[in-house]
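In: Provided below are the primary sequence and the corresponding predicted coordinates.
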Amino acid sequence: MVRLLRPFGRVVTYTRLLHLFVAVVWPAMLIFVQEEWWIWAVAAATLVPAGLVPAMRTVEGLQARLLLTGHRHDSESAGIVVVPSGTWGDRWRLVLWLQARFLLGCTTVTAVAQLAAFVVDSTASAVRRGFDDGALWHVLLVPPALAALAGIVVGSGRLVTAVALRLLGPSPAERLAALEERTEQLLERTRIARELHDSIGHALTVAVVQAGAARAAGDPAFTERALTAIEETGRAALDDLEHVLGVLRESERPVSGRPTLADADRLLESARASGAKVDAEVSGPLETIPGPVSREGYRILQESLTNVLRHAGSVAIRVRMAVADGMLDLEVRNPLDADAPRPGRGSGLRGIRERAALLGGRARTGPDAGDWQVHVELPLS
C-alpha cells in the first residue's frame with residue numbers, strides 16, 4: 001500500500017499532470033468561441049508549423065526538463081536536450097512530440113474530468129438522498145473511480161515522460177557528438193598525465209644524477225656546474241608544470257605554448273650537464289614540422305633521454321633527427337651495458353608508443369646491435 005501511494009508524495013507527479021493540462025489550454029479556449037469538433041483538428045494542424053521552428057525545441061525541452069523530470073532547466077542529466085533543432089529530423093521529431101503531447105493531454109484531461117465529475121456527483125447525490133438504496137450503489141462505485149483516477153494521473157505522467165525522453169532526447173548525431181567530446185576530454189586528461197610524467201620525471205632524473213655525480217666527484221667546480229644544471233632543469237620543469245596546470249584551469253587555452261623540437265637543444269644541454277656525452281645529428285628543417293608532431297616529438301625525445309639517464313647513467317648518447325619525404329625520423333641510442341638495468345615496460349616506453357600511434361606513426365624500443373634504441377617514425381601530414 002505504501003508503495004502504491006508513494007508517487008502521490010512526489011511533486012513531479014503533479015507537475016506532469018500540469019504539463020498535460022497546459023497542452024490543451026489554448027485549444028479549450030477556442031471552444032468558447034465556437035463549439036465545433038473541427039476546432040480540435042485545427043489546433044492539432046497548427047502544431048505542425050510550430051514544430052518546424054528550431055527554437056520551439058528549446059521551449060519544449062525546458063518545459064519537459066522542469067515539469068516532467070523534475071530537473072533544473074540547466075541540468076545535463078535530464079536526458080532531454082534544450083538546443084534548437086539542427087536538422088530536419090530533429091524538427092519532425094518535435095512535430096511528432098507536439099502531436100503526441102496534444103493527444104495524451106486531451107485524453108488525460110477528458111478522463112480526469114469525467115471521473116472527477118462522477119465522484120463529485122455520486123457523493124453529492126448520496127448526501128442529498130440520505131444514502132438510500134439507490135444512492136448507495138453510486139457510493140460503492142466511488143472507490144474504484146478514485147483508483148482509476150489515481151492510475152490515470154500517475155500512468156499518463158509516466159507515459160508522457162517516456163515519450164519526451166524518446167522524442168526530445170538527443171538524436172543519434174548529437175549522441176555521437178557528445179561521445180566524441182567525452183572522448184576528447186579523456187584523451188586530453190591522458191595527454192596531461194603524460195606531460196607531467198615526461199616533464200617532471202625528466203627533471204627529477206637529471207637532478208638525482210647530477211646530485212649523485214657531484215657527491216662522488218668531490219670537485220667544487222663540478223658541484224657548482226651540477227647545481228646550476230639542477231636549477232635550470234628545475235626551472236624548466238616548473239614552467240612545464242605551470243603550463244599543464246593552466247590547461248587544467250582553462251580548457252580552451254591553446255597548446256601553442258608547449259615546447260617543440262625547435263627547443264630540443266634545451267633537452268640535449270640538460271643531458272650533457274648530467275655528464276652524458278650527447279652526439280646530436282639534425283638534418284632537415286625542424287621548424288617546418290607541424291605543431292602536433294613537433295610537440296609530441298619533443299616529449300618522445302625527452303622521455304628517451306630520461307630513460308638513458310635513469311637506467312644507464314652518464315653514457316654516450318647518439319641522437320638523430322631527420323625530416324625528409326614527409327616523415328620525421330627520431331632515433332636515440334646508447335650503449336647497452338650488461339650490468340646496467342634495462343628499461344622496463346613501464347608507462348614511459350608505453351607512452352612513447354602511444355604518442356607515435358596517435359599520430360599514425362610507429363615506435364620501436366629495445367636492444368639493437370649492442371645498443372638500446374628508441375626509433376620513432378612520425379608522418380608530417
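Out: Alright, I've got the coordinates. Numbers count the residues shown, from 1 in each chain.
In: residues in contact with the residue nearest to residue 237 when sequence neighbours are not counted?
Out: Nearest residue to residue 237, sequence neighbours excluded (Cβ to Cβ, 6 or more residues apart in numbering): residue 203, at 3.4 Å. To be clear about C-beta, it is placed using only N, CA and C from the backbone, and glycine gets the same treatment. By Cβ atoms under 8 Å, 6 or more residues apart in numbering, the residues touching residue 203 are 233, 234, 236, 237.
In: going by neighbour count, which of those residues comes out on top?
Out: Of all the contacts of residue 203, the highest neighbour tally under other Cβ atoms under 10 Å goes to residue 233, namely 24 neighbours.
In: wasn't that one part of a helix?
Out: Yes - judged by DSSP: H, G, I helix; E, B strand; the rest coil, residue 233 forms part of a helix.
In: report the contact partners of it.
Out: 202, 203, 206, 207, 210, 270, 273.
In: low pLDDT regions in the stretch 151-300 of the chain?
Out: 176, 179-188, 191-192, 194-195, 198-199, 202, 239-257 (pLDDT under 70).
In: which residues in it form helices?
Out: Here the stretch 151-300 of the chain has its helices, by DSSP state H, counting those that start in this stretch, at 172-217, 220-249, 264-273, 291-311.
In: how about residues contacting the third one?
Out: Where contact means Cβ under 8 Å, 6+ apart, the residues beyond helix 264-273 that reach it are 202, 206, 210, 225-226, 228-229, 232-233, 236, 259, 278, 280, 286, 298, 301-302, 305, 308-309, 317, 319, 321.
In: mind running it again at 10 Å?
Out: Residues outside helix 264-273 that contact it (Cβ atoms under 10 Å, 6 or more residues apart in numbering) are 202-203, 205-206, 209-210, 225-226, 228-230, 232-233, 236, 259, 261, 276-280, 282, 286, 294, 297-299, 301-302, 304-306, 308-309, 314, 317, 319, 321, 330, 332.
In: number of nearby residues for the nearest residue to residue 353 once chain neighbours are set aside?
Out: Closest residue to residue 353 apart from its sequence neighbours, by Cβ to Cβ, 6+ apart: residue 363 at 4.7 Å. Residue 363 sits with 21 neighbouring residues when counted by other Cβ under 10 Å.
In: does residue 363 touch residue 332 like I think?
Out: No - between residue 363 and residue 332 there is no contact under Cβ atoms under 10 Å: 11.0 Å.
In: joint contacts of these two?
Out: Residues touching both residue 363 and residue 332 (Cβ under 10 Å, 6+ apart): 300, 304, 352, 374, 375, 376.
In: turn the residues you listed into a markdown table, columns for distance to residue 178.
Out: Formatted as a markdown table, the shared contacts of residue 363 and residue 332 follow (distance: Cβ to Cβ, whole Å):
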| residue | distance to residue 178 |
| --- | --- |
| 300 | 32 |
| 304 | 37 |
| 352 | 31 |
| 374 | 38 |
| 375 | 39 |
| 376 | 34 |
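In: now do the contacts for the residue nearest to residue 96 when sequence neighbours are not counted.
Out: Residue nearest to residue 96 in three dimensions, not counting chain neighbours: residue 167, with 5.8 Å by Cβ to Cβ, 6+ apart. Taking Cβ under 10 Å, 6+ apart as the criterion, residue 167 is in contact with 60, 64, 80, 90, 92-101.
In: can I see the domain layout of this protein?
Out: Following automatic domain parsing, one finds the domains of the chain at 2-170, 176-379.
In: in a strand, residue 331, correct?
Out: Yes - using three-state DSSP, the secondary structure at residue 331 is a strand.
In: wait, residue 304 sits on residue 318?
Out: No - in this structure, residue 304 is not within contact of residue 318 by Cβ under 10 Å, at 11.1 Å.
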